[in-house]
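1. Sequence below, structure please.
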Amino acid sequence: MAPALADKAGQYEPVRAIADGVVVYRRTPTPISTDEDHALNFYKATVGARWTHDGVVVIKHDTEIGEGETARLTFYSIIQHLSSLDERLPAKNQRIWRKDKIGTAGSIYGEPNRIHFEIVAAPNQIQRISGRSTRRLPTTRGGRRDAMFGDSYVRLPAGTRWMREVLFRDDRHQQRAAAGELGPGIVHTSTETLYVGLHYEQGDCAITTYQERGAVVGRTFTEPEQTEYNLSTIAARRYPDSPSAGYELLRFGVVTGPDALNPADAAHWRQVPYAGGLGWVNLNAQGIFVYSDADMPDWRGWQLIDDDTEGDVRCDSAAVEETVESRFPDFLPQDAIGVIAALTDETVRDVLQRMACLFPTEWADTEQQIDARYAWVKDPAKQGGMDQDDYSKLKRLIKTLGFWTEAAIADLPSTHWHMNPRLFICHFRKCGWMSLSELSQLLPRRHGNSANHLNEINWEKAQERFRRYQIDLNKTMRKYGIVSQARRIHFLAQSYIETALWSTMVEIGRAHQQRRRDGTLYWPAPAMQYYLGFYGRGAMQLTWAANYDGYGNFRKFPSVDRNYQYSDTRITRTSTHYWSDPRDGNGNVVGQAKAWSPRFDPQQIADDAFNACDSAGYYWVAKSTGHGLNINRVADGGLDSNSVGRASVLVNGGGYGFAERQAYAAYINRYLGDATSTAAAASFVVTYSGHNHNVYVDYTQQRPH
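-> You can find the predicted model right below:
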C-alpha cells in the first residue's frame with residue numbers, strides 16, 4: 001500500500017492517471033458502514049474493526065518504447081482502495097489522459113490516505129517490455145535494437161586487456177596495441193566477464209564497470225574535453241570518415257542509424273575502471289556485445305521470475321531465494337524471523353523491487369480461487385493456524401475487495417506479470433520515445449498572440465503533421481540525447497516556430513523577393529539576398545551554406561555528378577555563394593563567396609524525413625558559442641523564460657518569433673511536464689536583452705473530437 005501525496009498545506013492530492021489509456025473497469029466505493037460485521041470492517045486484533053475502502057479503477061495503457069511492432073506494449077495500472085471516484089472519471093471503455101484525476105485515496109484497515117497501486121501486464125507482453133522471456137538477459141548476442149534508451153552497456157569477455165593511455169596518441173600505436181604487439185602497454189587483463197556502463201547526464205559521461213551479478217567494480221567520469229556537450233566535435237576528430245556513425249558509437253557503443261562506420265572496426269577507446277585502477281579499453285573490438293536499459297539487464301538488478309507455480313499468495317521461488325541468499329547470507333526461507341530481517345535490509349529490498357514476477361492476481365473473487373490462494377493459512381504446518389471462523393471473515397473481505405470476475409478484462413489473464421510500479425515508471429521515463437498520439441497532444445490546439453487573435457489546429461491536422469516524421473523525430477531525439485523532459489520541451493518549442501508548427505520543412509517564400517502593391521520588389525528579410533538557395537530547410541531550418549556544408553560533412557553526403565541539376569536553379573555547377581552573412585557591422589559586404597558544387601543538393605534536407613529531423617538534432621548539438629555551449633546545455637539549465645530565450649538566440653538569433661517560442665515552451669511543458677495547473681490561458685511579459693515581449697498562451701487541450 002502507498003500513502004497519497006500531500007501538498008505543502010497538508011492537503012492530499014487526488015490520485016491521477018500515470019499515462020494515457022482506456023478505463024477498462026471502475027467500481028464506486030461502498031459507503032462506510034458502522035456495522036462491525038461488515039466485510040470491509042475487517043477485524044484486527046490490536047485495534048478492532050477498521051474500514052477498508054473498495055473503490056477500484058483499472059486502466060489499460062498502450063504505448064511505444066521504440067520502432068516497430070515489437071516495441072509496442074500494453075500494460076495495466078490498478079488503483080484499489082479509493083474512497084471516491086472523480087466526477088469526471090470517464091466511463092468504462094472511454095479514454096483517459098495522463099494526469100487526469102481518478103479519485104481520492106481511501107483507507108486500508110482504518111489507515112487513511114492509502115491506495116494499493118499495481119502495474120501488471122499479460123504474459124505475452126513481457127517480451128516487448130524487457131526484450132526477453134528468460135530470467136536473465138542472454139548475452140550470446142547483442143541487445144535489442146527496436147528499443148534503446150537509458151544507459152548503454154558494453155560486454156567485455158574474460159581476457160579483455162586494459163592499455164596505457166600513452167600508447168594511443170597516434171594511429172600506428174593504436175593498431176599495434178590492438179594487435180597485441182605492445183605487451184608492456186597492458187596494465188590489466190580481466191579474468192571474468194564485465195560490463196561497462198555509459199551514462200550521459202547534464203553533459204557528463206559516467207563510466208561504470210559491473211560484474212555479471214551487478215557488483216560495481218569502479219566508476220569514473222570522462223575528461224572535460226570528452227563530455228556530452230562537445231560529442232559532435234569529438235566524433236568529427238576521432239572518426240573523420242564517418243562522424244555521424246562515430247557520434248552514435250560514442251553515445252550508444254553501437255551504430256544505430258543509416259550511416260556506416262568507416263572503417264567498420266574503428267576503435268572506441270574509453271578509460272575504464274578495473275579493480276585497482278584505470279586503463280584504456282577498445283569498446284568496439286571483435287566479440288563485444290552492446291545493450292541498453294531497454295534490455296532490463298540483470299547486472300542492473302532486473303530479473304524475470306516465473307518459477308513459483310504453487311498458486312498461493314506465498315513466494316516459493318527458488319530464483320528469489322537464491323538472489324536473497326546471495327545478498328543476505330543469514331536468510332533462512334523457512335524461518336519467518338529470517339524472512340522479516342531480510343526484507344528490512346535495504347540491499348535486499350533494492351534487489352527484490354527490480355524483479356518482474358509472474359503470479360495470479362490477488363483480486364480473484366470466486367470461492368475456488370480464494371481457497372487456492374489462501375487456504376494454507378489454516379494449516380499450522382505452513383505457518384498458518386487460523387481457525388475456520390476467522391478464515392471465513394478473511395474470505396468475505398477478499399471476496400468483497402475482489403473484482404476479477406466482474407471486470408472480465410479480455411486480454412489480461414488472471415495470472416500475469418507484476419512489476420514494482422515506482423521502478424517501472426522511473427525505468428521507462430528514461431525512454432523518451434513518443435507515440436503519434438503523445439506527440440500530437442503537444443501541438444497547441446489554439447495559438448496566437450492574444451485571446452482575440454487565435455488560429456486553431458484540430459486533432460486530425462495535428463496527427464497529419466507529425467505522422468510522416470514521428471519515427472525519425474524520435475530517433476533524432478534519442479541519438480542526440482534530447483530525451484529529458486526539459487530538453488524535449490526546448491527542442492519542440494524551437495521546432496514549432498521554425499516549421500510553422502510542423503506544417504512545412506522549407507522556409508516560407510524560399511528566399512525570393514516579394515512584390516509590393518505598387519509593383520516594386522523587396523526582400524522580406526535583408527539576409528535573404530545573400531543566402532538565396534540556401535534558405536531554411538528541415539525541422540530546425542538550416543540556413544546559409546556553412547550549415548549545410550557542416551551537416552553534409554557530418555553525414556558524409558556524396559557529391560553530385562557533373563551534369564546534376566540542383567533543385568533550386570540559383571545553385572549551379574559554377575555559381576558562388578556566401579557561407580555566412582557577408583556583411584560587417586556597418587552593413588558593408590566584406591565576405592567572400594565560393595562555389596558550392598559538386599556538394600549535395602540542399603533540397604534533400606527537406607525532402608527526406610530522416611534528414612529533416614536528423615539535421616535539426618545535429619544543429620542542436622553542434623551549435624556553439626565557442627565555450628562548450630550547445631543547446632542541450634542551455635536546456636539543462638531549466639525551463640525559465642531566460643533559458644528559452646537563450647535557446648532562441650542560438651537557433652535563430654533571438655528576434656524572430658521570440659514570444660511564440662516562449663508560449664510554445666509553456667504549452668508543451670503543461671502536457672509533457674508534471675505540473676497539474678488548470679489555468680485556461682496565461683499572459684506574461686518576458687524581458688530579454690533589454691526588450692519586453694508580451695507572451696500569450698492558450699492551454700486548450702489537444703484532444704480527439
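2. Helices of the stretch 1-150 of the chain, residue ranges please.
-> Under the criterion DSSP state H, counting those that start in this stretch, the stretch 1-150 of the chain contains helices at 126-130.
3. where along it do the strands fall?
-> 2-3, 15-16, 21-27, 43-44, 48-49, 55-64, 72-85, 95-96, 101-108, 111-121 (DSSP state E, counting those that start in this stretch).
4. between the longest one and strand 55-64, how many degrees?
-> Counting by axes from the mean of the first three to the mean of the last three CA atoms, to 10 degrees, strand 72-85 lies at 160 degrees to strand 55-64.
5. What pairs with strand 72-85, parallel or antiparallel?
-> The sheet places strand 72-85 alongside strand 55-64 (antiparallel), strand 101-108 (antiparallel), strand 111-121 (antiparallel), with pairing taken from DSSP bridges.
6. Measure how the second one sits relative to strand 21-27, angle-wise.
-> Translated: strand 101-108. Computed by the same axes, to 10 degrees, the angle separating strand 101-108 from strand 21-27 equals 40 degrees.
7. and if you look at the first one?
-> Interaxial angle, strand 55-64 versus strand 21-27 (the same axes, to 10 degrees): 160 degrees.
8. So for strand 55-64, mean pLDDT?
-> Average pLDDT, strand 55-64: 98.
9. can you check the last one too?
-> Model confidence over strand 111-121 averages 96 on the pLDDT scale.
10. so how many other residues sit close to Gln592?
-> Other residues lying near Gln592 total 9 when counted by other CB atoms under 10 Å. Every residue, glycine included, has its C-beta placed from N, CA and C.
11. The strands paired with strand 72-85: which one's closest to Phe600?
-> For the strands paired with strand 72-85, proximity to Phe600 was assessed by CB to CB; strand 55-64 is nearest, at 32.0 Å.
12. Buried residues of the closest one, list them for me.
-> Under the neighbour-count criterion of 16 or more other CB atoms under 10 Å, strand 55-64 has 55-61, 63-64 buried.
13. residues touching Gly279, list them.
-> 162-165, 187-188, 271-272 (CB atoms under 8 Å, 6 or more residues apart in numbering).
14. what do you get for Asp316?
-> Per CB under 8 Å, 6+ apart, neighbours of Asp316: 308, 310.
15. Ok, the one 3 residues further on next?
-> With contact set as CB under 8 Å, 6+ apart, Ala319 has these partners: 135, 303, 305, 307.
16. Kindly provide the distance from Gly448 to Tyr667.
-> With distances taken as CB to CB, to the nearest Å, Gly448 is found 12 Å from Tyr667.
17. ok, back up a step: any idea which of the buried residues of strand 55-64 is the one closest to Trp280?
-> Proximity of the buried residues of strand 55-64 to Trp280 was ranked by CB to CB; the top entry is Glu64 with 37.9 Å.
18. Quick check: the residue lying closest to the closest one once chain neighbours are set aside vs Trp459, distance?
-> Distances taken as CB to CB, 6 or more residues apart in numbering place Ser435 nearest to Glu64, at 4.6 Å, with adjacent residues excluded. Separation of Ser435 from Trp459 (CB to CB): 14 Å.
19. Assign the residue lying farthest from the centre of the chain to helix, strand or coil.
-> The centre of the chain is farthest from one residue, Asp518, which by CA atoms, centre = their mean lies 54.0 Å away. Here Asp518 is recorded as coil under DSSP: H, G, I helix; E, B strand; the rest coil.
20. mind pulling up the phi and psi values for it?
-> Main-chain dihedrals, Asp518, degrees, to the nearest 10: phi -80, psi 0.
21. still on that earlier bit, intersection of neighbour lists for Gly448 and Tyr667?
-> Shared contacts of Gly448 and Tyr667 (CB under 8 Å, 6+ apart): Asp698.
22. got a list of what Ala679 touches?
-> Counting by CB under 8 Å, 6+ apart, Ala679 makes contact with Tyr699.
23. helix or strand for it, which one?
-> Here Ala679 sits in a region with no helix or strand, counting by DSSP states H and E.
24. go on, Arg373?
-> helix 367-374.
25. Run the chain-centre distance for the very next helix or strand once past that helix.
-> Heading C-terminal from helix 367-374, the first helix or strand you meet, by DSSP H and E, is helix 388-401. Relative to the centre of its chain, helix 388-401 is centred 43 Å away, using CA atoms, centre = their mean, to the nearest Å.
26. Same check on stretch 527-545?
-> Here the centre of stretch 527-545 is set off from its chain's centre by 32 Å, with CA atoms, centre = their mean.
27. List the buried residues for it?
-> Neighbour counts over stretch 527-545 (16+ other CB under 10 Å) mark 527-528, 530-545 as buried.
28. now do stretch 304-312
-> Of all the residues in stretch 304-312, those buried under the rule 16+ other CB under 10 Å are 304-306, 308, 312.
29. Flag the least confident of those residues.
-> Comparing pLDDT over the buried residues of stretch 304-312, the lowest score belongs to Asp312 (89).
30. Contacts only, for that residue.
-> Shown in contact with Asp312 (CB under 8 Å, 6+ apart): 372-376.
31. Can you verify my assumption that Met528 contacts Gln514?
-> No - checked against CB atoms under 8 Å, the pair Met528 and Gln514 is beyond contact range at 9.7 Å.
32. Need the residues touching each of these two.
-> Shared contacts of Met528 and Gln514, defined by CB under 8 Å, 6+ apart, are absent.
33. between the buried residues of stretch 304-312, which is closest to Val649?
-> Using CB to CB, the buried residues of stretch 304-312 come closest to Val649 at Leu304, 48.7 Å.
34. which element is the closest one on?
-> strand 303-305.
35. what separates that strand from the chain centre, distance-wise?
-> Centroid separation for strand 303-305 versus its chain: 23 Å, with CA atoms, centre = their mean.
36. who does it pair up with?
-> Strand pairing (DSSP bridges) places strand 303-305 next to strand 355-360 (parallel).
37. measure Thr222 to Pro90 for me?
-> 48 Å.
38. Pick out the lowest-pLDDT one from the contacts of Gly279.
-> Going through the contacts of Gly279 one by one, the lowest pLDDT turns up at Glu165, 69.
39. who's in contact with the closest residue to Thr405 other than its chain neighbours?
-> Excluding the flanking residues, the one nearest Thr405 by CB to CB, 6+ apart is Asp365, at 5.3 Å. Counting by CB under 8 Å, 6+ apart, Asp365 makes contact with 398-399, 402-406.
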